[in-house]
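[1] using only what follows, build the 3D model:
(one chain, ligands or ions: 2)
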Amino acid sequence: MSLAETTKAPTTGAARKPANVFVDGGSGTTGLGINERLKLQSDVTVKTIADDKRKDLAAKKALMEEVDLVILCLPDDAAKETVALVDSMGASAPKVLDASTAYRVAPDWAYGFPELTPDQAGKIRAANKVSNPGCYPTGAIALLRPIVDAGLLPSDYPVTVNAVSGYSGGGKSMIASFEDGSAPSFELYGLGFEHKHLPEMQLYSNLTRRPIFIPSVGNYRQGMLVSVPLQLDTVPGKPGGADLQAALAKRYAGSKYVSVMPLQNEASKGGRIEPEALNETNMLELYVFASDKYHQAVLVARLDNLGKGASGAAVQNMRLMLGLPEE
Ligand SMILES: NC(=O)C1=CN([C@@H]2O[C@H](COP(=O)(O)OP(=O)(O)OC[C@H]3O[C@@H](n4cnc5c(N)ncnc54)[C@H](OP(=O)(O)O)[C@@H]3O)[C@@H](O)[C@H]2O)C=CC1
Ligand SMILES: CC(=O)N[C@@H](CCC(=O)OP(=O)(O)O)C(=O)O
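    Ligands and ions are numbered 1, 2, ... in the order given. Coordinates of the predicted model:
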């Protein structure tokens, strides 16, 4: 057994040293959010790389020899480059948690949405490679998967997902374009039907038909809403809003980070929701707005794109992968 291997933290056990973690891309939007969260965790030590060496592969490899887990907060190509480096390290390789889109539907990686199914947290705990979900898929999959699994929505239903994100979702360059006033106040995008989140959204929602996904970005920093309209009279069995809400409540009962809100129907008054209420948290709220009169429903997820949509989820996955208790 190599020296580096003996320094890796055990994944189970009571008394032990803090686990060592390296955040590759630690000065980007997602990386900074993870570092802020890790400052509050005494059972994790963050190992850093000199700024002028942060893109130097030999320096990265030397640092990765010392850590139990590396979190990649990089563009896809750079993430693939670091993963190739990890793959060359043999027994001294750290576990990898990747925040990019590169491995989200790769069969040999675990998908880092612990609430996906009752056994997903266990898969993440046991995996050496975990991909952190995209922000929009986190909302869409959380809403759709339990309803499809319960047989309330057929897997070939023509699903449309609409969403709005704060501008931090686009990383450093989009943040700069909103903050220097060159970006429009609001914009629809994804109108080429090829948004990078579609494959994971379809796969983990258990949908056989590719959804239509229309995201948008507004002139505020962070927070998002993901919504899925449903014409319930076209769905076999004609489920009502209460059936949908009950399936979600059953799936997420006891969950620390996913809250299923009471059914919102004609009697509830309101019919409005804004995207920023969960900012700086790792929470995800799920709503069913429904009309029995018109047999229509809209499923809505609210989350912080930098929280449960990125850095918060990464820290939740990191703790599972290191065998540490929930925050
Ligand atoms: N922002 C968000 O809400 C979310 C982002 N993500 C994903 O997380 C990843 C990072 O995104 P985000 O934080 O927004 O992006 P940013 O553009 O804010 O940050 C990316 C960081 O990576 C650095 N970087 C680029 N290439 C390398 C390299 N070869 N080695 C080391 N560092 C490098 C950049 O440094 P420099 O600028 O100097 O090149 C920059 O600091 C992306 O894959 C993104 O898709 C995931 C979920 C949500
Ligand atoms: C507003 C905005 O541009 N958002 C980004 C998604 C951010 C995110 O979560 O995407 P990844 O995790 O896949 O990087 C986009 O639509 O490409």
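
[2] helix or strand for the residue of the stretch 101-250 of the chain at minimum distance from ligand 1, which one?
    Nearest residue of the stretch 101-250 of the chain to ligand 1: Gly171, at 2.9 Å (C-beta to the nearest ligand atom). (Each C-beta comes from the backbone N, C-alpha and C, glycine too.) If you go by DSSP states H and E, Gly171 is part of helix 171-179.

[3] CA atoms only for that helix - export them in PDB, please.
    Provided in PDB are the C-alpha atoms of helix 171-179 (Å, rounded to 0.1, in the frame of the first residue of the first chain):
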ATOM      1  CA  GLY A 171     -20.800  31.700 -14.100                       C
ATOM      2  CA  LYS A 172     -18.200  34.600 -14.100                       C
ATOM      3  CA  SER A 173     -18.800  35.800 -17.700                       C
ATOM      4  CA  MET A 174     -22.600  36.100 -17.400                       C
ATOM      5  CA  ILE A 175     -22.300  37.700 -13.900                       C
ATOM      6  CA  ALA A 176     -20.000  40.300 -15.500                       C
ATOM      7  CA  SER A 177     -22.400  41.000 -18.400                       C
ATOM      8  CA  PHE A 178     -25.300  41.600 -16.100                       C
ATOM      9  CA  GLU A 179     -23.300  43.700 -13.600                       C
END
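
[4] check which residues of it are buried.
    Buried residues in helix 171-179, counted by 16 or more other C-beta atoms under 10 Å: 174-175, 178.

[5] how near is the residue of the stretch 101-250 of the chain closest to ligand 1 to Lys60?
    20 Å (C-beta to C-beta, to the nearest Å).

[6] still on that earlier bit, quick one: contacts for the residue of the stretch 101-250 of the chain closest to ligand 1?
    Shown in contact with Gly171 (C-beta atoms under 8 Å, 6 or more residues apart in numbering): 28-30.

[7] which of the residues you listed are buried, as a PyMOL select command?
    To isolate the buried members of the contacts of Gly171 in PyMOL, using 16+ other C-beta under 10 Å:
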select buried, resi 28+29+30
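
[8] of the contacts of Gly171, which belong to strands?
    In strands, judged by DSSP state E, none of these are found.

[9] ok, the contacts of Gly171 vs Leu324, which is closest?
    Proximity of the contacts of Gly171 to Leu324 (C-beta to C-beta) peaks at Thr30, which lies at 20.1 Å.

[10] correct me if wrong: Thr101 contacts His195.
    No. The criterion here is C-beta atoms under 8 Å, and Thr101 misses it with His195 at 10.1 Å.

[11] closest residue of the stretch 201-327 of the chain to ligand 2?
    Across the stretch 201-327 of the chain, the shortest distance to ligand 2 (C-beta to the nearest ligand atom) belongs to Val217, at 4.2 Å.

[12] do you know the pLDDT at that residue?
    As predicted, Val217 sits at a pLDDT of 98.

[13] neighbours of it, how many?
    Per other C-beta atoms under 10 Å, the neighbour tally for Val217 reads 24.

[14] using CSV, list the CA coordinates for the helix or strand hosting Val23.
    Here Val23, judged by DSSP H and E, is contained in strand 19-24. Once non-C-alpha atoms are left out, strand 19-24 reads as follows in CSV (Å, rounded to 0.1, in the frame of the first residue of the first chain):
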residue,chain,number,x,y,z
ALA,A,19,-10.9,14.6,5.7
ASN,A,20,-8.7,16.4,3.1
VAL,A,21,-10.4,18.0,0.1
PHE,A,22,-9.2,20.0,-2.9
VAL,A,23,-11.5,22.3,-4.8
ASP,A,24,-10.2,22.5,-8.4
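
[15] give the rounded mean pLDDT of it.
    97.

[16] quick one: contacts of it?
    7, 9, 31, 34-35, 38, 43-49, 54, 60, 63-64, 66-74, 82, 94, 318, 322, 324.

[17] from these, which land in helices?
    If you go by DSSP state H, those have 7, 31, 34-35, 38, 60, 63-64, 82, 318 in helices.

[18] farthest-apart pair in those, please.
    With C-beta to C-beta as the measure, no two of those lie farther apart than Thr7 and Gly31, at 23.4 Å.

[19] tell me the domain ranges of the protein?
    Per automatic domain parsing, the structural domains of the chain span 3-133+310-321, 135-305.

[20] and the ones you listed, which one averages the lowest pLDDT?
    For the domains of the chain, where the average pLDDT is lowest is domain 3-133+310-321, sitting at a mean of 91.
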